[in-house]
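[1] Sequence and predicted structure are below.
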Amino acid sequence: MTRLLVVAALTALIHMINTLIYGVRLAGIQTQRLATAISLFNVIFLVSSTAHMLQAPLLSTIVERAINVGLGGAAHPERVEILVESPIYQAQLEMLAADIRLVILAASFGTVVGTLLIPVFVQLFSRVILVFNQVGSVPRLVALAVFSPRKIWRSMAGVHLPRATAVRSAARERLPIPKGFLVANVIVTGIYTIGVLSALYAGALFPQYRSTAVLLSAIVNGFATVLVATIVDPTAARITDQALRRERSVRDVKLVVMWLAVTRFLGTLLAQVLFMPAALLIRWVAQLLV
């Protein structure tokens, strides 16, 4: 249980940071230093990458333990196919599915936290961008943040979480962006959230070739990658560039950021629906290959 909670916490952290990414473009527009904003966020993204490095093996051990307990406690050890159908193994599969759904729920929680923190993050990150232009290097910026944090945090006075009335008002505004772009973001988030998780579960469904099943996560993620490359990223970049050229208002970018965060949350809810069908698809493809 402790290991599962650690995985859930890391998953929430990863999705919180990935949600905050939406605020980078807004901070870049407000400071008129978009390239610097994107570059500096890579430093923060290292935290997400580190969390990924810790999360993956921990999650894999949870799956391996479920498989080993199921195989070790069932009858007919000479045939794995029979073991998989045994009540003991099926019980382990049910518990594993519940654990993975908890991890997906942690992704939703992290997305909500990230969404609420976007206004604070944009204000703080804008200040970091301006300070970076003064000091000229990331090591100096880090040293300043460690030894003189007040120079960065003093601009945070008056910053608060978004009010419910402001959110409702923004939600009623006419969307200045293509609705298909937002639908694509829901689908992309849903697929990316369960890509590896479904592959791991498919490995438990087909334990004799579980390595093959895990490597087939690209089948699920591939469609999402196409949507990101052809719809989501280009549309977001176009709107950002238009705001930089003052062809759009900054308010439009704020609405884009808000709705990207909202649709990201909806995508994590969609992941709960996609999780099992994706696992069955991966198992089916693995069975075809062998």
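    Arrived safely, thanks for sending. Numbers count the residues shown, from 1 in each chain.

[2] How about the contacts made by S60?
    L200 (Cβ atoms under 8 Å, 6 or more residues apart in numbering). The C-beta positions use only the backbone N, C-alpha and C, and glycine is treated the same way.

[3] and L40, what element?
    Using DSSP states H and E, L40 sits within helix 34-73.

[4] Now do the buried residues in that helix.
    Within helix 34-73, the residues scored as buried using 16 or more other Cβ atoms under 10 Å are 34, 36-37, 40-41, 48, 51, 55, 59-60, 62-64, 66-67, 69-71.

[5] Return the distance of that helix from the chain's centre.
    Counting by Cα atoms, centre = their mean, to the nearest Å, helix 34-73 is centred 11 Å from the centre of its parent chain.

[6] how big is the angle separating the host helix or strand of T111 from helix 34-73?
    In the assignment (DSSP H and E), T111 maps to helix 87-135. Helix 87-135 runs at 160 degrees relative to helix 34-73, counting by axes from the mean of the first three to the mean of the last three Cα atoms, to 10 degrees.

[7] what packs against helix 87-135?
    If you count contacts as 3 or more Cβ pairs under 8 Å, 6 or more residues apart in numbering; DSSP states H and E, helix 87-135 packs onto helix 2-20, helix 22-31, helix 34-73, helix 138-147, helix 150-153, helix 179-205, helix 250-289.

[8] the inter-axis angle of the helix holding L40 versus helix 179-205?
    Computed by the same axes, to 10 degrees, the angle between helix 34-73 and helix 179-205 is 30 degrees.

[9] Let's have the helices and strands packed on helix 87-135 in TSV, adding distance to G110.
    Output for the helices and strands packed on helix 87-135, formatted as TSV (distance: least, Cβ to Cβ, whole Å):
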stretch	distance to G110
helix 2-20	3
helix 22-31	14
helix 34-73	10
helix 138-147	23
helix 150-153	23
helix 179-205	11
helix 250-289	8
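
[10] Compare the mean pLDDT across those and name the weakest.
    Comparing mean pLDDT over those, the weakest stretch is helix 150-153, at a mean of 64.

[11] Just want the angle from the helix holding T111 to helix 22-31.
    Using the same axes, to 10 degrees, helix 87-135 lies at 10 degrees relative to helix 22-31.

[12] mean confidence score for helix 87-135?
    Here helix 87-135 scores 88 as its mean pLDDT.
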